[in-house]
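Q: structural data only, the sequence is not supplied:
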């Protein structure tokens, strides 16, 4: 990084050469068609936002039976691969780059969304909240603790999803290790109370995440793989006894993988946990650091100029502003996002936000 680097300057993330550092964060929007199929509407949505330095596509099911949002996409069937090919073709036709976020919902899944299957997790601890199902809102169910000998199949589902993402034409993948979903629930000690090779010490709790990283890197090469983490986020009833220490430890461990980037969520959706995790991440992580949550263009630019981060991912601003990069550059007013349409069906609040032109 040089002093000339700013929010709008190019950057190389591993093998990903980006035109700017305004990244589109992964945003679950529940617009997949039946069968968890990406369709033309999703292709239009992502193509509209192709001026982002990098689009990180939404949380995508690595296998059947891990649905948490009714209409999120998957990447485990040939039909889904073909659907995603529409999306990547549309983004590439606009000169953009896009990676797919590989995801397993873990204990955030619900039997009503998965043909009656009990969700799986490191330990039998339910999320203390309600989930929207086809029968309306219901309490999360107590998950089944995965047996040690079942875990290699989980790792293999991420490996196969990585292969499928490559077939679908993505530029790389991001491993979803955040927000209380399966990999994160193993990592943090508030949700992982198991013993054995996948519980107890940080080394054991991180084993599943690192096994997944190795499997995915074997498919893509590490320079096209990113990882997302959220050590502070209490969403989905998550906690850790030492999030700052966990951040430093993760930074040191991730150095060994030579990833394209580490995507760090800097705060807590619910405001229950506070702390500075960017400082230890920047100090101990030697690769490209992307941060997000609540940035303005001005703060993002300043943090890049000061070397605090290498790029910033924006979520809600990209929902309402397909031309967010241009608006930032011109200091133009931003459209306001309508939360009532975040998870509805159809184009309203999805592909109908106006651009400056």
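A: Thanks, I have the structure now. None of the values given here were measured: they were computed from a predicted structure.
Q: please, where are all the strands along the protein?
A: Listed in chain order, the strands of the chain (DSSP state E) span residues 11-13, 16-18, 22-24, 54-61, 98-103, 120-121, 130-133, 136-139, 144-145, 172-177, 225-229, 261-265, 289-292, 311-314.
Q: let's have those in TSV, adding mean neighbour count and mean pLDDT.
A: Bear in mind the C-beta positions are built from the backbone N, C-alpha and C, glycine included. As requested, the strands of the chain are exported to TSV (neighbours: other C-beta atoms under 10 Å; pLDDT from 0 to 100):
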stretch	mean neighbour count	mean pLDDT
strand 11-13	19	98
strand 16-18	17	98
strand 22-24	28	98
strand 54-61	26	98
strand 98-103	27	99
strand 120-121	24	98
strand 130-133	16	94
strand 136-139	11	94
strand 144-145	17	98
strand 172-177	28	98
strand 225-229	26	99
strand 261-265	26	98
strand 289-292	24	98
strand 311-314	26	98
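Q: quick one: closest of the ones you listed to residue 345.
A: strand 130-133 (12.9 Å; C-beta to C-beta).
Q: starting at the chain centroid, how far to the closest one?
A: Distance of strand 130-133 from its chain centroid, counting by C-alpha atoms, centre = their mean, to the nearest Å, is 21 Å.
Q: ok, residues contacting it?
A: Under the contact criterion C-beta atoms under 8 Å, 6 or more residues apart in numbering, strand 130-133 has outside partners 68, 69, 70, 108, 110, 112, 113, 137, 138, 139, 140, 343.
Q: contact partners for the residue nearest to the fourth one when sequence neighbours are not counted?
A: Read that as residue 108. Distance criterion C-beta to C-beta, 6 or more residues apart in numbering; nearest residue to residue 108, sequence neighbours excluded, is residue 68 at 4.3 Å. Contacts for residue 68 were tallied using C-beta under 8 Å, 6+ apart; they are 105, 108, 109, 110, 113, 131, 181.
Q: what about the fourth one, distance to residue 46?
A: When C-beta to C-beta, to the nearest Å is applied, the distance between residue 110 and residue 46 equals 27 Å.
Q: for residue 252, give me its contacts.
A: 284, 285.
Q: ok, which stretches of the stretch 251-357 of the chain are helices?
A: Under the criterion DSSP state H, counting those that start in this stretch, the stretch 251-357 of the chain contains helices at 278-284, 297-305, 316-320, 324-330.
Q: quick one, which of those is packed in tightest?
A: Among the helices of the stretch 251-357 of the chain, the stretch with the highest mean neighbour count (mean count of other C-beta atoms under 10 Å) is helix 316-320, at a mean of 20.
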